Every structure is written in C-alpha cells, then in structure tokens.
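*Asks:* this one's sequence-less:
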C-alpha cells in the first residue's frame, strides 16, 4: 500500500500522468528447488498486448491495457465519477539473479496474473576449474 501511495505521489509531483505515463506492475519473484518464478499483475490486459523477452540476465515485460475512453465521451454513454484503474503502457525490467535457462522460459496468463517460469541451472561462475597446459 505504501509503495502504491509513493508511486502515485511521485507521478503527481513529476506530472507524469495521462497518455505518456508508464505504469510499473506489481511483481512477485520467488524460487523453488528447481525453478525461478515471476508473477506480474496485469489485470484486464489481453495476451496479444503483452510482450515478454530476455536479454542477457534481464527479463523485460511490456504491455498495453486498452481502455475505451472514447466510448465514455459519446453523448448518453458513461459518465465516470471516479476512474482509478490504470490503463495505458506497462513496463517492467527484472534482473534474473538466479542462474536459469532463460531462453526456455514458460509464460502463461491466468486471471490477470502473468506467470513466468524458468528452470534453474547450477551456477558455474565463481567455481574453480583446472585448465590443462598444452
């Protein structure tokens, strides 16, 4: 709750509202013995409006939630008294701190939650490897 309040206050102070605003969706990152899992809140976003990709050890999530506000502007249609649901562009960049098979990630959208699953691999970095002299 405090994070959302701070983000709203920051957006108000910076004047980043309206069409140029980019929302940061809430994210949960956790691991099991064999997998790294990322869950992203994207309520109301259609699968075709989501782009998920990995570059090096970073996960990128870009999405666009369409809201038909033109419908509301027509005479005799909706007249919003309060409009709090975020729409527009969503963007999140996440560092994959656990070594995993990033190219083989599985992505699914369930009830407004984008679930991304990576199989973990044993980290070879930092381990001693003896090299033979030729």
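*Replies:* Arrived safely, thanks for sending. This is a predicted model, so every value here is computed, not measured. Numbering: from 1, shown residues only.

*Asks:* excluding covalently adjacent residues, which one is nearest to residue 63?
*Replies:* residue 90 (4.1 Å; Cβ to Cβ, 6 or more residues apart in numbering). Backbone N, C-alpha and C define where each C-beta goes, glycine included.

*Asks:* how about residue 114?
*Replies:* residue 40 (4.2 Å).

*Asks:* touching the strand or helix carrying that neighbour from outside, list them.
*Replies:* Residue 40 is part of strand 35-41 when elements are defined by DSSP states H and E. Strand 35-41 is contacted by residues 25-31, 59, 61, 92, 94, 96, 98, 100, 112-120 when judged by Cβ atoms under 8 Å, 6 or more residues apart in numbering.

*Asks:* and the next helix or strand past it?
*Replies:* For strand 35-41, the following helix or strand on the C-terminal side (DSSP H and E) is strand 50-55.

*Asks:* packing partners of that following strand?
*Replies:* Counting contacts by 3 or more Cβ pairs under 8 Å, 6 or more residues apart in numbering; DSSP states H and E, strand 50-55 packs against strand 58-65, strand 113-119.

*Asks:* what's the angle from that strand to strand 58-65?
*Replies:* In terms of direction (axes from the mean of the first three to the mean of the last three Cα atoms, to 10 degrees), strand 50-55 departs from strand 58-65 by 170 degrees.

*Asks:* list the buried residues of strand 50-55.
*Replies:* Residues of strand 50-55 classed as buried: 50, 52, 54 (neighbour count, 16 or more other Cβ atoms under 10 Å).

*Asks:* partners of it, with directions?
*Replies:* The strands that strand 50-55 pairs with in its sheet are strand 58-65 (antiparallel) (by DSSP bridges).
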